[in-house]
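Visitor: Here is my input; please provide its structure:
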Amino acid sequence: MLTRSRSRSTEVEGENSSLSQSQASSVGDSAPYEEVVSRKRRERSLNRKRPTHVAQWMCILPEDPGNQFNCSFVSLKDPKSACARRYLLRRRRGGNCVSVENELYEVMKFSDGPRSWFIDNTLQTDGSLYMCTPIDPLFLALPYLLTAAQTGKSTTLDGILEDQSTVCCQVLEACIEPEQWEHVTDSKKLSNGMKVFKYSWEKTRAWLRGKVEALGSGLEREGVYAGAGSMSTTLVRSSKQSIVSREDYLRYACGVISDYLPKALADRLALDYPSPLESTVGSGKHKRGADGYEDSKAPPNKKGCAISSDGEPLDDYTKLNSTASQPKKVAPLTSAQKALAKVDKKGMKAISSFFSNRNS
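Guide: So this is what the prediction gives:
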């Protein structure tokens with residue numbers, strides 16, 4: 001610290017000696033010598049290169065033991081909200097953007113209160129944790145397919161993936177293999193060798209149902225609770241509530257898949273997995289409690305009210321009030337009340353006479 005102070009004073013002396021009286025007079029006769037020196041110091045301090053802030057995040061990435069992939073963040077449209085979201089694009093080193101070996105990952109942010117990270121010799125104030133999970137890029141192409149389907153014509157991939165952001169279209173085209181388009185579209189090859197595609201709801205429905213079945217089997221295998229409502233697996237109230245059927249897992253998986261679909265597709269997919277309450281509306285055969293399970297002790301349907309032509313009810317509801325017809329029971333007298341009843345009250349005034357008006 002002492003050495004830096006000495007070097008700084010030497011630098012100032014050099015500046016003072018290098019700036020002559022003739023240079024000061026060339027700036028202006030009215031500006032004194034000390035003002036010119038301070039101005040030169042400010043100019044040199046502003047011209048110094050300041051350290052730039054490097055944005056850093058703590059992120060959990062997929063394993064890459066051979067360091068064969070390059071990772072970069074890209075901004076793509078969310079299939080449900082159509083808003084821009086951050087995704088991770090993994091490309092093999094030495095490849096190009098049209099390689100089918102590209103992988104797309106969804107970036108999820110986890111933040112739990114104020115916290116920070118120590119990264120090497122720096123302090124990162126953003127203590128969030130980012131997790132990257134693989135995602136099928138075909139989900140992100142569904143909104144484009146729905147838009148192209150409104151024309152009712154078959155078109156090429158360039159016509160389907162039309163967006164103001166060319167990077168978005170290039171990433172989707174690079175991550176989706178040609179065989180994957182057959183899951184959601186009908187394709188045909190023209191005479192000139194060009195291949196065109198047209199959106200198909202039947203194929204999309206079969207593809208989505210396969211996703212729901214696979215996810216439901218995974219949830220059932222891992223023992224994830226998928227019953228009605230949210231409940232911790234360690235706080236099961238009864239064996240009746242802990243029983244989760246196959247349909248419950250499929251409905252739960254359908255809700256998860258719907259988070260990656262446009263609203264129109266999510267509503268049509270939900271029709272294949274109706275909730276138990278919706279399936280029993282109007283039937284009257286089964287009643288389900290608040291937990292979603294069948295309740296054998298459900299109350300019977302209420303009896304309808306018979307009304308006359310004058311609009312008056314025919315039933316006599318006064319009979320339901322049985323307490324009105326019964327005489328009131330007289331409480332037995334206590335010993336003090338019996339003794340008071342035997343007292344001779346002749347000549348005694350009532351206590352209310354003491355509170356009467358004196359003028360009367």
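Visitor: would you list every one of the strands in the stretch 201-350 of the chain?
Guide: For the stretch 201-350 of the chain, strands defined by DSSP state E, counting those that start in this stretch do not occur.
Visitor: which residues of it score low on pLDDT?
Guide: Within the stretch 201-350 of the chain, the stretches with pLDDT under 70 are 228-242, 277-328.
Visitor: mind redoing it with 90?
Guide: 222-246, 274-350 (pLDDT under 90).
Visitor: now the helices: where do they sit in it?
Guide: Remark: helices assigned in the stretch 201-350 of the chain by DSSP state H, counting those that start in this stretch are 201-222, 239-242, 246-258, 263-270, 276-279, 322-325, 335-341.
Visitor: tell me which residues in the fourth one are buried?
Guide: For helix 263-270, the buried set under the neighbour-count rule, 16 or more other Cβ atoms under 10 Å, comprises 265, 266, 269, 270. Just so you know, the C-beta spots here come from the backbone N, C-alpha and C atoms, and that holds for glycine as well.
Visitor: other SSEs contacting that helix?
Guide: Here helix 263-270 touches helix 138-149, helix 201-222, helix 246-258, going by 3 or more Cβ pairs under 8 Å, 6 or more residues apart in numbering; DSSP states H and E.
Visitor: and that helix with helix 246-258, angle?
Guide: If you take axes from the mean of the first three to the mean of the last three Cα atoms, to 10 degrees, helix 263-270 sits at 170 degrees to helix 246-258.
Visitor: The first one now?
Guide: Computed with the same axes, to 10 degrees, the direction of helix 201-222 lies at 120 degrees from that of helix 246-258.
Visitor: what residues does helix 201-222 touch?
Guide: Helix 201-222 is contacted from outside by 136, 138, 142, 182-186, 226, 244, 246, 249-250, 252-254, 256-257, 261, 265, 268-269, 272-273, using Cβ atoms under 8 Å, 6 or more residues apart in numbering.
Visitor: Please pick the buried ones from those.
Guide: Buried by 16+ other Cβ under 10 Å: 136, 138, 142, 183-185, 226, 244, 249-250, 252-254, 257, 261, 265, 269, 273, out of the contacts of helix 201-222.
Visitor: Quick one, which of the helices of the stretch 201-350 of the chain gets closest to residue 151.
Guide: Residue 151 lies closest to helix 201-222 among these, at 15.5 Å (Cβ to Cβ).
Visitor: if we look at stretch 163-172, which residues are touching it?
Guide: 74-77, 87, 89, 97, 102, 104, 137, 140-141, 144, 161-162.
Visitor: Buried ones in it, by neighbour count?
Guide: In stretch 163-172, counting by 16+ other Cβ under 10 Å, buried: 168, 169, 171, 172.
Visitor: which of the residues you listed has the weakest pLDDT?
Guide: Lowest in pLDDT among the buried residues of stretch 163-172 is residue 168, which has 77.
Visitor: Mind checking what secondary structure that residue has?
Guide: Secondary structure state of residue 168, per DSSP: H, G, I helix; E, B strand; the rest coil, is helix.
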